[in-house]
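Colleague: next one to model:
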Amino acid sequence: MNERNSIIGKIDWVTVLIYLALVMIGWFSIFSARYNEAHPSIFDLSQVYGKQLLWIGAALLVGFVILLIDAKFFNAFSLWIYVLFVASLLLVLVYGKATKGATSWIDLGAGIKFQPSEFAKMATALAVAGYLDRLDVDLQKRKDQIVTAVLILVPMALVLAQNDTGSAIVFVSFILVLYREGFPGAGWLMLAGVVAVLLFIFTLVWSQKTMYIILGALFVLTLTYYLITKKKHIVRMMAVFAIAFMFVFSVDYAFHKVLQEHQQNRILVMLGKLDDPKGVGYNVHQSKIAIGSGGFAGKGFLQGTQTKYDFVPEQHTDFIFCTIGEEGGFLGTAAVVLLYVSLLVRIIVLAERQRSTFSRVYGYAIAGILFVHVAINIGMTIGLVPVIGIPLPFLSYGGSSMLAFTIMLAIFVKQDANRLNVL
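Modeller: Prediction:
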């Protein structure tokens, strides 16, 4: 009993309270999005809002159990947890159930489906943290760089093979960990990623010919500057521009030959190159109407017309944010965004005070995962990001995501509570 009281006293209650606030907001939003007048009770287990309550209860129970487990367990068994969920990703490729074009679910029967990719993110965070915590590991060494990259890229590739592009993109968030831990070139990788995205977008918007002219002009100006100032690394600069030219040249091929038709259309809708409000752009179009109609203070709980008349598909899952926008307005959405920002900042602050590399790395890993989920999900509901189908943490309906995110956060809360015991 004394040990349990000690644990409760050491956990970071700010993080826990933010988590509980998000979970409750999500539950009530799901209730509003799928409200059925014939089943008006939010506790009705025959409805999705009742089922979500069961998943919340299960998540809270699992989270509490994690707080009672020895904190060293997760470091000691991080590799085995990783192997288990990588194996489950392989299992999905063989026995997976296709849902909305992605084969990422395993049907457990009784109406219960399991999505290993949600848990694979947490397992990868543990594996990377466990590996970097070893005394003989140094990210300045090529061998350790390769091993770390492989730990991240293997599950990412398996998720991509399931045609679950959204979940695969989330693994890119581990660049934040590599940057924090001194991975050589991590900062340049992030910059290169941003530049690549911008080049891709501008090429689709302006055409390859226009981009060649712009890059050519920039190259001439940069080369002139280097020659006049006699700067070093001129060859490196020329190589960068050569890569940029080749990237722009490959955009058309990648867009039309690599991406599927529905992915192409979603990108074109986002860029305003395709107007299809009754087809591929229907979800986003209706979502923006719902959020915009909420105004400053919203229409009120259960009063959203877009929500009530089911105009937005998947509103209780991937598009749950537009329910908050319509019924809570700017104030409601701002409150939710503020809660997420507070949670992310809190996790990073806690990560920086850890005494072990394992806890610090793991903290940054889950902060990155949560950030990408939140940014992409909210971005796609307001038309800034193509619809790629990833849940909003703690708010979207779904057992796998609720359990995975809760376990992910609970492990970190446990590590933080145990930080003073680390020598």
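
Colleague: tell me the buried residues in the strand or helix carrying residue 126?
Modeller: Secondary structure assignment for residue 126, by DSSP states H and E: helix 116-132. Buried positions in helix 116-132, judged by neighbour count with 16 or more other CB atoms under 10 Å: 116-132. In short, each C-beta sits where N, CA and C put it, glycine included.

Colleague: same check on stretch 56-63?
Modeller: For stretch 56-63, by 16+ other CB under 10 Å, it's 56, 59-60, 63.

Colleague: one more: stretch 391-411?
Modeller: In stretch 391-411, residues buried by neighbour count (16+ other CB under 10 Å) are 391-411.

Colleague: repeat for stretch 11-23
Modeller: 11-12, 15, 18-19, 21-23.

Colleague: what does that stretch contact?
Modeller: With CB atoms under 8 Å, 6 or more residues apart in numbering as the test, stretch 11-23 has contacts from 56, 59, 67, 336, 339-340, 342-343, 346-347, 350, 393-395, 402, 406, 409, 413-414, 416-417.

Colleague: same question, stretch 289-297
Modeller: 299, 304-307, 311-312, 321-323, 325-333, 381-382.

Colleague: now, of the residues you listed, which are buried?
Modeller: 299, 304, 306-307, 311-312, 321-323, 325-329, 332-333, 381-382.

Colleague: and the angle for the longest strand along the chain with helix 116-132?
Modeller: Longest strand in the chain, counting residues (DSSP state E): strand 102-109. On the basis of axes from the mean of the first three to the mean of the last three CA atoms, to 10 degrees, strand 102-109 is oriented at 100 degrees to helix 116-132.

Colleague: in its sheet, what does strand 102-109 sit against?
Modeller: strand 97-99 (antiparallel), strand 112-114 (antiparallel) (DSSP bridges).

Colleague: would you mark the buried spots in the last one?
Modeller: When neighbours are counted by 16+ other CB under 10 Å, the buried residues of strand 112-114 are found to be residue 114.

Colleague: and if you look at stretch 410-423?
Modeller: Neighbour-count burial for stretch 410-423, with 16+ other CB under 10 Å as criterion, is recorded at 410-419.

Colleague: off-centre distance for it?
Modeller: Centroid separation between stretch 410-423 and its chain, computed with CA atoms, centre = their mean, to the nearest Å, is 24 Å.

Colleague: also stretch 106-126?
Modeller: Relative to its parent chain, stretch 106-126 has a centroid offset of 15 Å by CA atoms, centre = their mean.
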